[in-house]
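Visitor: Next comes the sequence, and after it the predicted model I'd like to discuss.
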Amino acid sequence: MPQLDKLRLGVNIDHVATVRNARGGGYPDPLRAAKLAEDAGADGITAHLREDRRHISDADIDGLMDVLTVPLNFEMAATDEMQRIALRHRPHAVCIVPEKREEKTTEGGLEVAREENRLAHFIAPLREAGCRVSIFIAADQRQIEAAHRIGAQVIELHTGAYCDAHAEGRMDDCTTELERMREMSTLAHSLGLEVHAGHGLTYDTVKPVAAFPEVMELNIGHFLIGEAIFRGLTPAIAEMRRLMDEARA
Ligand SMILES: CC(=O)[C@@H](O)[C@H](O)COP(=O)(O)O
Ligand SMILES: NCC(=O)COP(=O)(O)O
């Protein structure tokens, strides 16, 4: 059983860029939000450079690499263009996510099992460049075992189905999803994979996931940026940190 000591909080700043891009120009600046998040106790910053550049831009990634003192978790699709960008920057972590132009947000986990060979070749240079390679996947045994076989060091479990069930009051589904994630984090840990989790987490949903002893990092964005409108980014992050610590205690 892993030690229940350190659970890292990665703050995803994508949706600061969404607000900026709604008007063009440079305000609000995701880099300023990232620095504020660092000061508020974030252990890392997550940013997703989508192929359509709908929020985070290439210049944001350049800037984050220059200004951050905490690790950058660079989320990207498994494309040649993104691989080139990652290899140029060599961020602390590269999280490979599935991407569809027409989706509002990342709808599911990466299909690793069916693309094992291609993904193994895709991540090898990233690992050689010193990046920790993380795979964003559903809590599914087949995908976790495939992530392990291709040489990923980390998996990030997609918590979206659990959060959606919670938001819609489908409490039986919520329990089922939690149980699935609990079992799959144990499996992933037993294979030597570091386990992260994220997507759609809120103050109401974070604690059961934070309590899984195998989970080492939560990446949370949309809710925190939304909550920052009401209470400010620093208090919004502090409250998330408090709930995570409480769940872990
Ligand atoms: C991979 C993941 O779940 C997210 O963090 C991702 O960045 C979501 O995409 P959007 O930020 O575009 O909603
Ligand atoms: N990988 C998940 C993430 O970075 C944050 O997702 P969300 O909280 O913005 O849904």
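Guide: That came in fine, so what should we check first? Numbers count the residues shown, from 1 in each chain. Ligands and ions are numbered 1, 2, ... in the order given.
Visitor: need the helices for this structure, in chain order.
Guide: For the chain, the helices defined by DSSP state H occupy 14-23, 30-39, 58-67, 80-89, 116-128, 141-150, 160-167, 171-190, 206-210, 222-231, 233-248.
Visitor: now for the third one, which elements pack on it?
Guide: Okay, so that is helix 58-67. Contact partners of helix 58-67 among helices and strands, from 3 or more C-beta pairs under 8 Å, 6 or more residues apart in numbering; DSSP states H and E: helix 30-39, strand 44-48, strand 72-76, helix 80-89. Backbone N, C-alpha and C define where each C-beta goes, glycine included.
Visitor: Ligand 2: which of the ones you listed is closest?
Guide: Distance to ligand 2, taken as C-beta to the nearest ligand atom, is lowest for strand 44-48 among these, at 4.2 Å.
Visitor: Please name the strands paired to the closest one in the sheet, noting orientation.
Guide: Paired strands of strand 44-48, with direction, are strand 8-12 (parallel), strand 72-76 (parallel) (DSSP bridges).
Visitor: Between the helices and strands packed on helix 58-67, which one is closest to Gly198.
Guide: If you check each of the helices and strands packed on helix 58-67 against Gly198 by C-beta to C-beta, strand 44-48 wins as the nearest, at 7.8 Å.
Visitor: what pLDDT, on average, does that closest one get?
Guide: For strand 44-48, the mean pLDDT works out to 98.
Visitor: anything in it near ligand 2?
Guide: Yes. Using C-beta under 6 Å from any ligand atom, a contact is recorded between strand 44-48 and ligand 2, made by Thr46.
Visitor: Over to stretch 217-225?
Guide: Yes. When contact is scored as C-beta under 6 Å from any ligand atom, part of stretch 217-225 falls within range of ligand 2: Asn219, Ile220, Gly221, His222, Phe223.
Visitor: How many neighbouring residues does the fourth one have?
Guide: Pointing back at His222 there. Residues lying near His222 (other C-beta atoms under 10 Å) number 16.
Visitor: How about it: what's its closest non-neighbour residue?
Guide: Nearest in space to His222, with sequence neighbours left out and distances taken as C-beta to C-beta, 6 or more residues apart in numbering, is His15 at 5.4 Å.
Visitor: low-confidence ranges in this structure?
Guide: For the chain, the stretches flagged by pLDDT under 70 are 1-5.
Visitor: Ala167: which of the helices and strands packed on helix 58-67 is closest?
Guide: Checking the helices and strands packed on helix 58-67 against Ala167 by C-beta to C-beta gives strand 44-48 as the closest, at 21.2 Å.
Visitor: ok, Glu51 - how many residues close by?
Guide: Counted with other C-beta under 10 Å, the burial measure for Glu51 works out to 13 neighbours.
Visitor: got it, and His89?
Guide: Count around His89 with other C-beta under 10 Å applied: 16.
Visitor: again with Thr202
Guide: Other residues near Thr202 number 17, with proximity taken as other C-beta under 10 Å.
Visitor: Equivalent analysis for Gly221, please.
Guide: One way to gauge burial is a neighbour count; for Gly221, by other C-beta under 10 Å, it gives 25.
Visitor: Touching, Leu31 and Asp62? I think so.
Guide: No. Under the contact definition of C-beta atoms under 8 Å, Leu31 does not touch Asp62, with a separation of 9.8 Å.
Visitor: I appreciate the help and will end here.
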